[in-house]
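> sequence isn't available, so here's the structure alone:
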């Protein structure tokens, strides 16, 4: 949620509840106006039940999966999530689904447990984009 709000408002708010939100945002890219709908789902709600997750996957055109560089468990669940997304989306068509992996909390390097190289290699092995960022910065 912090990363989504930072993207949309350019402000950082450090504490969020465990709530799911859909945001709409207009963005200009290469001179074209684009309307984004962002379905921000906390990790605690992603594991609820398969039908809810399947609904979210079918709704979306692309995916940004965020993990904390300070939380190994949030990183370790990514391969399974990405396989689930690809099976659901690419099974229906031949098009590659756009997926980006984002390591957050880069500013907390002293608490890092997942290296940048691990994130980069995971993204490479799963044919995803990769970035490391800090919502706080």
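Looks like it arrived, so ask away. Note that the structure is a prediction, hence the values are computed from the model and not measured.

> name the element residue 66 belongs to?
Counting by DSSP states H and E, the element that carries residue 66 is strand 63-68.

> my guess is residue 99 contacts residue 63. True?
Yes: between residue 99 and residue 63 there is a contact under CB atoms under 8 Å: 4.7 Å. No exception for glycine: its C-beta is placed from N, CA and C like everyone else's.

> look up phi and psi at the residue of the chain most remote from its centre.
Going by CA atoms, centre = their mean, the residue of the chain most distant from its centre is residue 31, 25.5 Å out. Main-chain dihedrals, residue 31, degrees, to the nearest 10: phi 80, psi 0.

> confidence score at it?
For residue 31, the pLDDT comes out at 95.

> got it, and residue 89?
Reading off the per-residue confidence, residue 89 sits at a pLDDT of 82.

> now do residue 23
Predicted confidence (pLDDT) for residue 23: 79.

> how near is it to residue 71?
Plainly put, residue 23 is 24 Å away from residue 71 if you go by CB to CB, to the nearest Å.

> now swap in residue 79 and tell me
15 Å.

> then residue 59?
For residue 59, the distance to residue 71 (CB to CB) stands at 26 Å.

> which strands and helices lie in contact with the helix ranked longest in the chain?
Counting by DSSP state H, the longest helix found in the chain is helix 78-90. Helix 78-90 sits against helix 50-59, strand 63-68, strand 99-104, with contacts defined as 3 or more CB pairs under 8 Å, 6 or more residues apart in numbering; DSSP states H and E.

> got the angle for the strand holding residue 66 vs strand 99-104?
Counting by axes from the mean of the first three to the mean of the last three CA atoms, to 10 degrees, strand 63-68 lies at 20 degrees to strand 99-104.
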